[in-house]
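Chemist: fold the following and give me the result.
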Amino acid sequence: MTDPTDVPFQDDRTVPGESLYEGRRPEGGPGSTEQDPQERDLPADPLLPPAETETDLLAARVEGPEDQAGMTELWRATMALPHWWFVAVGDEGSESPAAASIEGQLMLMTFTNGERARHFAVQNGMIAPTEELRAIALPPTDVVGSADAYRGAGIAGLMFDPHLSGYFIPSEQLPVVWEAIHADADAPR
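Modeler: Alright, predicted model coming up:
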């Protein structure tokens, strides 16, 4: 896998290089087809929040950083998702995930499904309610495997569903949590 060297984020400044995300869209996912905007299945009201998910419920139950059981459940559910979604920014073919500075640290805006990524983009004026979302969807293993590259690019962490539940993980903790979740899942019961 290549390093994420094209990091335009929201201001479209790019660093020349090959993008880690080039051509990475799941079959049938947002941005995978070129349809007339009138023919797409867009939400009836894209300004309404998406339905609550398991990760929302688990994030709401976590009582703080000392709640190891709650954090384990939340990260087990998050790491088990088939894809993590990102709003794509930059030129077609060299897209990078949208990022934002949160409390002085650069975070990738990460979403638990495509509907949530689209809702965030509409809510924040990144796309019009009738516009198709350009998205990147990656299996969690790909993102975890790129943790060192993210740190090297100045990405402090990933903020999941920032406009809804807003839980995060530091980049350096991605492989640590991945290993802990999978070691726990593999342990005899």
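
Chemist: just give me how far whichever strand or helix holds residue 144 sits from the chain centre.
Modeler: In the assignment (DSSP states H and E), residue 144 maps to helix 140-145. A distance of 11 Å separates the centroid of the chain from that of helix 140-145, by C-alpha atoms, centre = their mean, to the nearest Å.

Chemist: for the following helix or strand past that helix, output the C-alpha coordinates as PDB.
Modeler: Later in the chain than helix 140-145, the nearest helix or strand by DSSP H and E is helix 147-152. This file holds the C-alpha atoms of helix 147-152, laid out as PDB (Å, rounded to 0.1, in the frame of the first residue of the first chain):
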ATOM      1  CA  ALA A 147      -1.500   4.200  10.900                       C
ATOM      2  CA  ASP A 148       2.300   5.000  10.600                       C
ATOM      3  CA  ALA A 149       1.600   6.800   7.300                       C
ATOM      4  CA  TYR A 150      -1.100   8.900   8.900                       C
ATOM      5  CA  ARG A 151       1.200   9.900  11.800                       C
ATOM      6  CA  GLY A 152       3.800  10.800   9.200                       C
END
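
Chemist: which is the next helix or strand following helix 147-152?
Modeler: Assignment by DSSP H and E places the next element after helix 147-152 at strand 157-160.

Chemist: what is that next one packed up against?
Modeler: strand 105-111, strand 167-170 (3 or more C-beta pairs under 8 Å, 6 or more residues apart in numbering; DSSP states H and E). For glycine as for every other residue, the C-beta is placed from the backbone atoms N, C-alpha and C.

Chemist: can we see that at 10 Å?
Modeler: helix 54-61, helix 68-79, strand 84-89, strand 99-102, strand 105-111, helix 147-152, strand 167-170 (3 or more C-beta pairs under 10 Å, 6 or more residues apart in numbering; DSSP states H and E).

Chemist: for the ones you listed, which one sits closest to residue 179?
Modeler: Among the helices and strands packed on strand 157-160, helix 68-79 comes nearest to residue 179, with 10.4 Å by C-beta to C-beta.
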